[in-house]
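> predicted coordinates and the sequence they were generated for:
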Amino acid sequence: MNKLLKAAIDSYKAAKSEAIAHLDILFKKSVGIGEHTDLLTEIKKWTESLSQAEENITSLQNNFDEYGDAKKEKWNESINFRSNKN
């Protein structure tokens, strides 16, 4: 696999794991969190982080092959979409 593509995907997978770990603590062990923490705000923050990481992983996997080359069908769809807008 292309090393830069792998590094990017690994980075998003790490962000996903971090978000899941935080959400797990918030949902199951919120007793151990200080009284002054706004739990709902923290849950929303980590849910956004989780969602963004998953979206980024999917986007890279859908648009690039393992060598880091743009997938031709996705490239063609993008060109056709732009052409149809004009």
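Right, received. Where do you want to start? Residues are numbered from 1 along each chain as shown.
> all contacts plus neighbour counts: C-alpha atoms, from now on.
OK.
> the most centrally placed residue in the chain: which element?
Against the mean C-alpha coordinate of the chain, by C-alpha atoms, centre = their mean, the closest residue is Ala53 at 1.3 Å. Secondary structure from DSSP states H and E places Ala53 in helix 39-63.
> same for that helix, what does it pack against?
Other elements packing on helix 39-63 under the criterion 3 or more C-alpha pairs under 8 Å, 6 or more residues apart in numbering; DSSP states H and E are helix 3-28, helix 72-85.
> hang on, isn't Thr47 packed against Ala21?
No. Taking contacts as C-alpha atoms under 8 Å, Thr47 lies outside contact range of Ala21: 11.0 Å.
> assess the claim that Ala53 and Asp10 are in contact.
No. With contact defined as C-alpha under 8 Å, Ala53 and Asp10 do not form a contacting pair (10.2 Å).
> list the contacts for Leu50?
Contact analysis of Leu50 by C-alpha atoms under 8 Å, 6 or more residues apart in numbering lists 15-16, 19-20.
> redo the residues you listed as CSV? Include pLDDT.
Converted to CSV, those look like this (pLDDT from 0 to 100):
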residue, pLDDT
Ala15, 98
Lys16, 98
Ala19, 98
Ile20, 98
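> just flag the most distant two among the residues you listed.
Across these, no pair lies farther apart than Ala15 and Ile20, at 8.6 Å, counting by C-alpha to C-alpha.
> shaky segments in this structure?
Scanning the chain for pLDDT under 70 picks out 32-36, 74-75, 78, 82, 86.
> list the buried residues in stretch 42-59.
By 16 or more other C-alpha atoms under 10 Å, the buried positions in stretch 42-59 come out as 43, 46-47, 49-50, 53-54, 57.
> format those residues as TSV; extra columns: distance to Leu26.
Converted to TSV, those look like this (distance: C-alpha to C-alpha, whole Å):
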residue	distance to Leu26
Ile43	7
Trp46	10
Thr47	11
Ser49	14
Leu50	14
Ala53	19
Glu54	20
Ile57	24
